[in-house]
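**Q** requesting a structural model of the entry that follows:
(chains A and B)
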There are 2 protein chains.
Amino acid sequence: MSNQKVTIEFQPQQKVTRVPAGTSLFNAANWIGLPIDSTCGGLGTCGKCKVRVLSGGSGITAADRKVFSEAELAAGWRLSCRAAAYDDVTCEVPRLLGNPKAALMGFGRHVILDANVHKIALQLEAPSLQDQRSDIARAAAALQKAGFEISVGLPVLRQLPGVLRAAKWHVTAVVVGQELIAVEPGDTSDTLYGLAFDIGTTTVVGTLLNLRSGAAVAVRSNLNGQAIYGADVIARISYAMLHEDGREQLREKILLTLNGLIDQLLAEAGVSANHVYEAVIVGNTTMLHLLLGFDPEAIGVMPFIPVIDELMNVSALEVGLGIHPQGRLCLLPHLGAYVGADLVGGLLATGLARGEGVRLLVDVGTNGEIILGSAARTVATAAPAGPAFEGAQIRDGMRASDGAIEAVEITPETVRLGVIGDVAPVGLCGSGLLDAVAQLRLANLLDFSGKLLNDEAAAELATPEVARRLVTLEGGLRAFVLAWAAESGHGRDIVLTQRDIRELQFAKAAIASGIDVVMRELGVTADDLVEILMAGSFGSYINPQSARIIGLVPPVPVERIKAVGNSAGEGAKIALLSFREREVARTLPRFVEYHELSGRADFNDSFIAVLQFPDLAELGISQVVRES
Amino acid sequence: MSNQKVTIEFQPQQKVTRVPAGTSLFNAANWIGLPIDSTCGGLGTCGKCKVRVLSGGSGITAADRKVFSEAELAAGWRLSCRAAAYDDVTCEVPRLLGNPKAALMGFGRHVILDANVHKIALQLEAPSLQDQRSDIARAAAALQKAGFEISVGLPVLRQLPGVLRAAKWHVTAVVVGQELIAVEPGDTSDTLYGLAFDIGTTTVVGTLLNLRSGAAVAVRSNLNGQAIYGADVIARISYAMLHEDGREQLREKILLTLNGLIDQLLAEAGVSANHVYEAVIVGNTTMLHLLLGFDPEAIGVMPFIPVIDELMNVSALEVGLGIHPQGRLCLLPHLGAYVGADLVGGLLATGLARGEGVRLLVDVGTNGEIILGSAARTVATAAPAGPAFEGAQIRDGMRASDGAIEAVEITPETVRLGVIGDVAPVGLCGSGLLDAVAQLRLANLLDFSGKLLNDEAAAELATPEVARRLVTLEGGLRAFVLAWAAESGHGRDIVLTQRDIRELQFAKAAIASGIDVVMRELGVTADDLVEILMAGSFGSYINPQSARIIGLVPPVPVERIKAVGNSAGEGAKIALLSFREREVARTLPRFVEYHELSGRADFNDSFIAVLQFPDLAELGISQVVRES
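**A** Numbering: from 1, shown residues only, chains lettered A, B, ... in the order given. Below you'll find the predicted structure:
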């Protein structure tokens, strides 16, 4: 497929989109959410996705020949899922006969529901001497009538004659994509489930969905069982490299985690594993490599190379996932070694790459993932933030669990802490760290370069109550006491040190300069940003104002900064429920430009520039002035 | 694909063929053996199979867009492997740049050698921060340049990064069809083997071929290990039905047989299993069902339904065949429950369905398989001959092994016997049975109705030496003594009884009436038959004159009756060495009309008509008259 783009116009809706040359008219419509009828999943077999090409060329395909008369072909009628556009095309889309089933999903996305799994109840005619078609030819012919052209593997063929005859030729075919994965006796078409997984380095979230109704019937999350081998992707890659069977151990751990979640989900919903036919999986590039047993080593070292980054369809049996043994897994594609399928899920959930205004999607973590753009152009990058946002390398840092300070407010009279769980504080998690630093800036205790004031200056600029919390620890290390020993859960002061602040500065500078690079790449300024979308669990807890104050994100009005929650998992659900969206996901890596920051001179320049904190006045924020 | 046929004319060769509408121009050329350049296996990726469409339509495909300029497309240039013909087409084929490598194979077939397995040595560029393509994308891009578009499975991806880096990016890709099944370090492109198997109910023949040179490097045969569970397909099917795990036992036995042969072949040729990437397998429908673990029950009972009859590509690992673990098996298609892939192999080896004159292919066995036709039209049927030709149900019958009388000549003075092995006779195999009956007819001892003469008539019509061999056994059963007790290997007379003759009559009548039905179906008489091809081991040993005399085959001049040996195995080799021929095999079932004899009134009528023996005078054969 070339990089050339063509313009597709749909009538009478007058919707226009630009897509890579060779894109099908059907997928071009899906890209902008325009519903064209289809029941086969865009495979050219159901004959429903008819459009009439009014201008621009689109050759006649074999699929067209099966559906249209010569006169219709001459009039421009084509199956849009087979019609590849190589130049600008204007086409007419017939009015839908029914209302396509749709749902609001992700971050305000209107998604047309059409799963990739189909169940088709069949009443076959029994064979006779006059009709000696093979069992599979008989089933395939009935499925073709229903709009499905199938392939089939040995396990189904091994069971087929027995099932057909025991069920007196009344069976239900289960078709995933174009593979017939099961033939069940009787009419089981109402029993149709799928799974969406988001494999995070720390946490794995699984959702069981009814593929008929689109409803989530159970949701569970659990810690990634690989965590015992290291907290972040680099630690996991190292473990795989340095231990014999390390890769296999990691594979087994994540598989155990997934299968454990499946057991819980199925038990909760009262659903049999044999009725779960497909799973869509997102996660960062390393997590998906480890699940599939791929060597992750080259991801971990320059120049950061994955084994594969395309969308993959693999067999559940081959991977070991405990769904229907002939069930299928779909792993969304990656944009790069450090902008993985989780972010592609995020793009589905937010529609960022297909929207009109320029938006910025940021997932803050050990690696900050950054995507900026709109339907016109979208660029992505990854910024090596290090573990500060996860509470690591921070003196009193901790993960976001019970006892973690997640929010901080410094008033002239006191310091107010938001603590996770109904317990006394024991440490500081990422969002609390961010708040604490931002509040120190607001309270005038931290200068723009990131230096805590000396006692003299503090006494002048802050109330005594606040100023006395500025202390000097062993070795002359300056620190701010967030909670005194008496208030803390472990009887020791909880402090934020000068060194912690430096860690945070480096972490936020990595993200901020990554954002800076992609903004310059796209030629946009903060004023152009319609929204800043904060993804991931960190994004959900972060105080947008604090993010602005420390300069983690560009200076936009605070109401434009929005948390989008687990957009990765939402994207997995969308791809599970909508083959149209899944096809969009497949092509997203061709659309989104990935920029590697490592070794870029402009990244280093930018990094130095954004190490310091923004001028609060420029942000329109007034510092808290000591009441005299 | 419709049943409509279209005419394709190739210029400047002025060759014409009629093919089902929707056939690609490339496959139409292959059908008539016209070489069009191609290296990718007709998958639309190498861009070499260019033709210029002079008249008749053929739409522009996505593959065309990649290869041709707008001007070339407008001038009618198309990739012939993607160009489906839906109306009559005349096209121009460019002169081949080189001479296509070809060989005489099968029964005088000129076969263009082009295996489905390709090895492509690659020197990849190492990745860099400027070129962060994934490992598989890097390999795929290089393969695309070489004309291959690939898919890939988990096992290759699991090894890929290690192999690429250990081999310093100098590797050899192994592509079967369009699947990348292995990446080997260094340049191994000279080491490329495949296997052809003919799985007979009794005997399995395996050939190891060098896919580069086309040479057979080792051939072995062995008894089918399933034989302990029954001699013929019905016995095997019964065993599968009546024994728990019977199907699995049968599967294991044939797998053991195949893997045993592979061990022998590899040892003989000094080739590693890891260098054998593909196997083509033919056999009757039941044998291939049992190999794949399919339930054969419905083949064995009316209305005789196979699980699948199409060409199948399956994984060696899934089947358990001991070649490269990612190697592929191709099982040729069946024409019906009792005209299997072995006969499709026979069609490849003889070119019967693509020739000009009408030919008859007969494989005599428990089931007689009959194919009649030419490029204009070809019909097939199966005739239930029963086991007489295998020596079963015959008083002194035996298989064709040491001590079996395989040829008989009755002279006025004596009876001359051809015996297998350098031993005294112990029984009568099929070809001997046929000869004995034919000779009795020639010697005037057997009337046209199949009745042995009484002593009086015999004394009148035969010499005393011959007449005295006509004896009456216990119960008044008439018989002819082929060997006296003193001459035999077990000290008992070897006789041919009246009852044996009846068995033979029923068996030959089944075959003859099957032939009669297809000849009437096609509207041809014996005079129209250019050749009668006798396939299978029985066909190799049969005396053509005897076959004429008993009326097993239509009355053609004896020189038109030819043994074609193991045409099934030859067909397997052809399909292994030539993807073009394999594609022909794939479409043969659509071209060949299968006629079911069971329950056909005309079969029963014909059967009764051909039970008796032909008039020798009408065959132009004079009976041996007793010298007075």
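**Q** poorly predicted segments of chain A, please.
**A** A:1-3, A:58, A:624-628 (pLDDT under 70).
**Q** now do the same contact list for A:His108.
**A** Just to correct that, residue A:108 is Gly rather than His. A:Gly351 (Cβ atoms under 8 Å, 6 or more residues apart in numbering or on different chains). All C-beta spots, glycine's among them, are computed from the backbone N, C-alpha and C.
**Q** likewise for A:Val89?
**A** A:Val89 sits in contact with A:6-9, A:25, A:53, A:55-58, where contact means Cβ under 8 Å, 6+ apart.
**Q** among those residues, which are located in strands?
**A** A:6-9, A:53, A:55 (DSSP state E).
**Q** are any of the contacts of A:Val89 buried, and if so which?
**A** A:6, A:8-9, A:25, A:53, A:56, A:58 (16 or more other Cβ atoms under 10 Å in any protein chain shown).
**Q** tell me how chain A divides into domains.
**A** A:5-98, A:117-185, A:204-331, A:353-386+A:504-610, A:389-503 (automatic domain parsing).
**Q** how close does A:Val19 get to chain B?
**A** A:Val19 sits at a distance of 14 Å from chain B (criterion: Cβ to the nearest Cβ, to the nearest Å).
**Q** can you pull the phi/psi pair for that residue?
**A** Phi and psi for A:Val19, reported as degrees, to the nearest 10, are phi -130, psi 160.
**Q** quick check: residues of the stretch 301-450 of chain A near chain B?
**A** A:302-310, A:314, A:318-319, A:336-337 (Cβ under 8 Å from any Cβ of the partner chain).
**Q** neighbour count added to the residues you listed, as JSON lines?
**A** As requested, those are exported to JSON lines (neighbours: other Cβ atoms under 10 Å in any protein chain shown):
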{"residue": "A:Met302", "neighbour count": "12"}
{"residue": "A:Pro303", "neighbour count": "16"}
{"residue": "A:Phe304", "neighbour count": "18"}
{"residue": "A:Ile305", "neighbour count": "26"}
{"residue": "A:Pro306", "neighbour count": "26"}
{"residue": "A:Val307", "neighbour count": "27"}
{"residue": "A:Ile308", "neighbour count": "24"}
{"residue": "A:Asp309", "neighbour count": "26"}
{"residue": "A:Glu310", "neighbour count": "16"}
{"residue": "A:Val314", "neighbour count": "18"}
{"residue": "A:Glu318", "neighbour count": "13"}
{"residue": "A:Val319", "neighbour count": "21"}
{"residue": "A:Gly336", "neighbour count": "24"}
{"residue": "A:Ala337", "neighbour count": "26"}
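**Q** which non-adjacent residue is nearest the residue of chain A most remote from its centre?
**A** For chain A, the residue at maximal distance from the C-alpha centroid (Cα atoms, centre = their mean) is A:Leu129, at 54.9 Å. Nearest non-adjacent residue to A:Leu129, counting by Cβ to Cβ, 6 or more residues apart in numbering or on different chains: B:Pro303, 4.5 Å away.
**Q** same check, this time on A:His595
**A** Using Cβ to Cβ, 6+ apart, the closest residue to A:His595 is A:Thr381 (4.6 Å).
**Q** quick check: which element contains that neighbour?
**A** strand A:378-384 (DSSP states H and E).
**Q** does A:His118 count as helix, strand or coil?
**A** strand (DSSP: H, G, I helix; E, B strand; the rest coil).
**Q** check contacts around it.
**A** A:39-41, A:148, A:174-176.
**Q** let's see that with 10 Å instead.
**A** Neighbouring residues of A:His118 by Cβ atoms under 10 Å, 6 or more residues apart in numbering or on different chains: A:39-41, A:46, A:143, A:146-148, A:173-177, A:189, A:192, A:211, A:277, A:579.
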